[in-house]
Structures are given as structure tokens and as C-alpha cells.
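# All I have is the shape, not the residue letters:
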Ligand SMILES: [Zn+2]
């Protein structure tokens, strides 16, 4: 059997089967809208479809290795247009420089469609998909592709289209060229014009399972297995989030989470408050959220150790520390502690003043 290029998209079995079947019957709709949370593979799937149409080896999803796949990945395939939201050009910046930045970020997405890109520090305004981009797309849509074949347009983050851009795209969707497939991806389809949504066939992408993420991290990003398991457990089903955690200072954050865990269950109330205050004073807000998420993963680890599960989803160092912690706190109410951390995360997301999070953590049962 020839290698299926869709294997390079993590998980998403149901969606893969639907797309493979539609491609096999030559029945892929002219306009598809991929919805679902960030980092679950909507763009990865769309890029795989584009690769497949151009691939010299005719591998559905693209072989990723032939000349044509190389051209698509370098954004040099005239049959593939990748559009993503971009910030406006600063007045003082030369056009050349601006387009170089946009191209570089586009290539970064092609290399790793799971990872979101930032345009900072060069470009700082909110990214949008403007009318000029869609107008350009419509002009090109009137030309035939040299040598025939199917043209693929990927509009990533379609909810960032301005209203004029969306209205312009609507005209294209009303009469899509025969040889064109338009793929829209959006984590927030509620922000799209209903008239656009109604002209697309919507495919919903699920959150990835922990094992999908674990496998992807190990096989594609060469993450050490123990670390991959731990990160998968706290990724919330998003590979973007998982890769962000893997890139960040993972070990330092885990140490901080351990410290918070120790503090939470400190027997002396004064030391408990002091420890929590020190933690908050030295940690910025975004980092607090990360550490709380990691704390949640640690609590799950504690639960699994207590239940005597063989398959402890933690690497051995962390597992040893947790086992020791559990031994020191045999009466620990893990469920209640988990609820408290979830509440603290919720407070944090609602921008509640940090000391209130402290207060919430301070209400730890099980001391
Ligand atoms: Zn190929």
C-alpha cells in the first residue's frame, strides 16, 4: 500500500475518513469550512489536501517529498494560495520588508501548521484578512491554472476577514470556478457571515486525544516519551498548546507547580499564605495559568498513583516525587484539591485580581 499523506495529520480519524472518501469519489465540495478548537489540525488537514492535489506521486494528502510537494510547502505552487490574517503595514516600513515578513510567517505555518505564529515584534496591529487580499484572490480565480489541475485556496482564521473582505469572498463562493477548492478554517465560525457558512460544507474537528498528542510529540517532534505523556495530559487536546508547553521552560514550570503543590498542603497556615504570596509575587499572570494547569496534571498523577495504575502518565522523576508527596500526605482529598485548582483557573481566566486566586488556593482542603 502506498503511504497515505493524511497520516501526517495527527488523529482526526473521522474527518480523515470523510475527506479520503470524498477525494476517492472525486466529490470534494468546492467550499469547505473546518471548525473546531485551535491546534487540532484544521490547517494541517487543509494543507494536506492542497499537497495531495499537486503531488507528483498522486498520494492523497501529499507524499511531502516530491518536487511538487516541495513547491507547495515553500508556497511556490501557483495552484495553492495560503491566506492567513496579517497585521497592517506600518507606514515607515518598506513594502519589500513587509511582504518578506508575511512570507516568512506563512512558511513557518507551512512547516508546522499546528503552531500559531506571532508577527511581533515587527508588526503589532491586530491581524486581519483585508479586502485587497480577497480581491486579488478573485482576480486570480478568473485565470486558468497553467497545465490544468485543481487549485486550492486555504483561508486560515477566516473569522478575521473584514466585512468588505467577507462580502467579496461571498461573490466567489456564489460562483466558484470549476477547478477551485476553497478551504476555510476557523475556531470561531459564529463570527463568520451566515451567508458564507451556508455556502460551505462544514466539517467539525474534535479535540485531539491525549494519546494522539503523545504520539505526535514523540514521532514528529522527537519529544522524550515521559515528557510527551506529561505534556499531552495538560494540553487540553490542542497540539498548539502542547508544542508551546514543549518549547517553553517545561522543567522550571513543573518545579514551580511542585512548589505550589507543597505550599497548598503546607500544615502551617502562615507558611501556606506566605508561600502562595511569594509564588504570585514572582510569577506573571500568564505563567500562573500555565503552572495551575500543570498543577492539575500533577493532581491527576497523584490520583493515578493512589489508584495503583500501572500506566502512570508521568515520567519517572515526576512519578517518584509524587509518590513521595502522597506518602507524606496520606489523607489528601485529591478531588477537592482538583476542584479548587479548577476554580482558581476559572478566576484567572475571568481576570479576577490575583490575590483572589491566592485566596481560592488558600481554601485548600486536606491540610
Ligand atoms: Zn508529493
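Cool, the structure landed. These figures come from a predicted structure and were not determined experimentally.

# can you pull the contacts of residue 28?
By Cβ atoms under 8 Å, 6 or more residues apart in numbering, the residues touching residue 28 are 19, 22, 49, 181. Quick note: C-beta positions are derived from backbone N, CA and C, even for glycine.

# scratch that, residue 83
129, 133, 137, 153, 154, 155, 156.

# For the second one, what is the enclosing helix or strand?
Element membership for residue 133, per DSSP states H and E: helix 131-141.

# can you state the direction angle for the next helix or strand after that helix and helix 131-141?
The helix or strand immediately downstream of helix 131-141 is strand 151-156, counting by DSSP H and E. Orientation note: strand 151-156 sits at an angle of 170 degrees relative to helix 131-141 (axes from the mean of the first three to the mean of the last three Cα atoms, to 10 degrees).

# Which elements pack onto strand 151-156?
Under the contact criterion of 3 or more Cβ pairs under 8 Å, 6 or more residues apart in numbering; DSSP states H and E, strand 151-156 touches helix 42-54, strand 80-83, strand 180-186.

# Try it again at 10 Å.
strand 31-35, helix 42-54, strand 80-83, helix 95-111, helix 131-141, helix 163-174, strand 180-186 (3 or more Cβ pairs under 10 Å, 6 or more residues apart in numbering; DSSP states H and E).

# Tell me which of these sits nearest to residue 147.
Closest approach to residue 147 among those is made by helix 42-54 (10.6 Å; Cβ to Cβ).

# got the angle between that closest one and strand 151-156?
170 degrees.

# start the count at 105, not 1, going forward
Got it, the first residue is 105 from now on, which makes the last one we talked about helix 146-158.

# wait, does helix 146-158 make contact with the ion?
No. Helix 146-158 stays clear of the ion (Cβ under 5 Å from the ion), getting no nearer than 6.5 Å.

# Now the element after that helix, going C-ward?
Following helix 146-158 toward the C-terminus (DSSP H and E): helix 171-177.

# Can you verify my assumption that residue 211 contacts residue 177?
Yes. Taking contacts as Cβ atoms under 10 Å, residue 211 lies within contact range of residue 177: 8.2 Å.

# neighbour count winner among the two?
Neighbours per residue, other Cβ atoms under 10 Å: of residue 211 and residue 177, the larger number sits with residue 177, 18 against 14.

# Give me the pLDDT value at the more buried one.
Per-residue confidence (pLDDT) for residue 177: 96.

# Leaving out sequence neighbours, find the closest residue to it.
residue 214 (5.2 Å; Cβ to Cβ, 6 or more residues apart in numbering).

# and what of residue 248?
Residue 248's closest residue in space is residue 283 (Cβ to Cβ, 6+ apart), at 7.2 Å.

# Residue 254 is in contact with that neighbour, correct?
Yes. Between residue 283 and residue 254 a contact is recorded at 5.6 Å, counting by Cβ under 10 Å.

# just for this structure, where's the confidence low?
105-108, 413-421, 455-471 (pLDDT under 70).

# Could you find the closest non-adjacent residue to the residue nearest the centre of the chain?
With distances taken as Cα atoms, centre = their mean, residue 143 lies nearest the centre of the chain, 1.8 Å away. The spatial neighbour of residue 143 that comes closest, neighbours along the chain excluded (Cβ to Cβ, 6+ apart), is residue 344 at 2.8 Å.

# Would you indicate which residues of the helix or strand where the one you found lies are buried?
Using DSSP H and E, residue 344 sits within helix 343-351. Neighbour-count burial for helix 343-351, counted by 16 or more other Cβ atoms under 10 Å, picks out 343, 344, 345, 346, 347, 348, 349, 350.

# What is that helix packed up against?
Counting by 3+ Cβ pairs under 10 Å, 6+ apart, helix 343-351 packs on helix 314-325, helix 329-337, helix 389-410.

# let's see it at 6 Å
Helices and strands touching helix 343-351, by 3 or more Cβ pairs under 6 Å, 6 or more residues apart in numbering; DSSP states H and E, are helix 329-337.

# The helix it packs on: which residues count as buried?
Under 16+ other Cβ under 10 Å, the buried positions of helix 329-337 are 330, 331, 332, 333, 334, 335, 336, 337.

# helix or strand for residue 307, which one?
With DSSP H and E as the test, residue 307 turns up in strand 305-308.

# Flag every buried residue along that strand.
Buried, per 16+ other Cβ under 10 Å, within strand 305-308: residue 307.

# again, but for stretch 156-163
156, 157, 158, 159, 163.

# Between those residues, which sits nearest the ion?
residue 159 (3.3 Å; Cβ to the ion).

# And for the closest residue to that closest one other than its chain neighbours, the neighbour number?
With sequence-adjacent residues excluded and distances taken as Cβ to Cβ, 6+ apart, residue 159 is closest to residue 166, at 4.6 Å. By other Cβ under 10 Å, 27 other residues sit near residue 166.

# Residue 202 against residue 195, yeah?
No. Between residue 202 and residue 195 there is no contact, the gap being 10.7 Å when judged by Cβ atoms under 6 Å.

# Looking at those two, which is more packed in?
Higher neighbour count among residue 202 and residue 195: residue 202, with 17 against 5, using other Cβ under 10 Å.
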